[in-house]
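Visitor: next one to model:
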Amino acid sequence: MLTLARFVKETMDRNEAILFAALDGLTPDDLHRRIAPDANPIGWTMWHLSRTQGNHVSSMAGKEHCYIDEGWHAKFGRPAERADRGTGHTAEQVSVFRAPDVATLVDFYKAVRRHTDALLDALRPDDPERQVPAVRGDGTVPLHHRIQMFVMDNIQHTGQIAYLRGLLRGRGWLAV
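Guide: Next up is the predicted model:
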């Protein structure tokens, strides 16, 4: 029987294949280039994708963000603040963000993914209905709702990154 954990992990694996292909070979200039003055660049979007997933996972697991605990914030030259995830960043804040390189972005994502997989591997049959903190406010939501949120967020941001790569580098980069 297909479990929730297996379904989510397989979905994330398929999404990552596209995500990592979209990042492959990009230069630091590619990571920071904005297609319009208020557009988010690939490097910022990838960092935000990972920070958002890490936020969901740490909240569901009741643990600190690996971004802070494992020192990733320092590798990005960012403060050790839980709220520094890009959500609500102004155009100015986005413009000053500098992703170090593709390898660091991917390594950070993989660190977040290890925590995600650990959470999924530990799920018990009744856990999807367990109440966890909501994203906003003081309320709670079922754990499966938070899982749905980060999966949808990852897929959407991967699509944005793939689209931006196509605009920057042209078509034909994704082998079908």
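Visitor: the lengthiest helix in the chain packs against which elements?
Guide: Looking across the chain with DSSP state H, the single longest helix is helix 143-169. Applying 3 or more Cβ pairs under 8 Å, 6 or more residues apart in numbering; DSSP states H and E, we find helix 143-169 packed against helix 4-23, helix 28-32, helix 42-61, strand 131-133. For every residue, glycine as well, the C-beta is placed using N, CA and C.
Visitor: just the angle for it relative to helix 4-23, thanks.
Guide: 10 degrees (axes from the mean of the first three to the mean of the last three Cα atoms, to 10 degrees).
Visitor: just checking, residue 35 touches residue 167?
Guide: Yes. Here residue 35 reaches residue 167: they are 5.7 Å apart, a contact under Cβ atoms under 8 Å.
Visitor: against residue 156, how distant is residue 90?
Guide: Going from residue 90 to residue 156 by Cβ to Cβ, to the nearest Å gives 21 Å.
Visitor: what about this structure, any weak spots by pLDDT?
Guide: 176 (pLDDT under 70).
Visitor: kindly present the helices and strands packed on helix 143-169 as a markdown table, with separate columns for distance to residue 122.
Guide: Formatted as a markdown table, these follow (distance: least, Cβ to Cβ, whole Å):
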| stretch | distance to residue 122 |
| --- | --- |
| helix 4-23 | 9 |
| helix 28-32 | 34 |
| helix 42-61 | 8 |
| strand 131-133 | 14 |
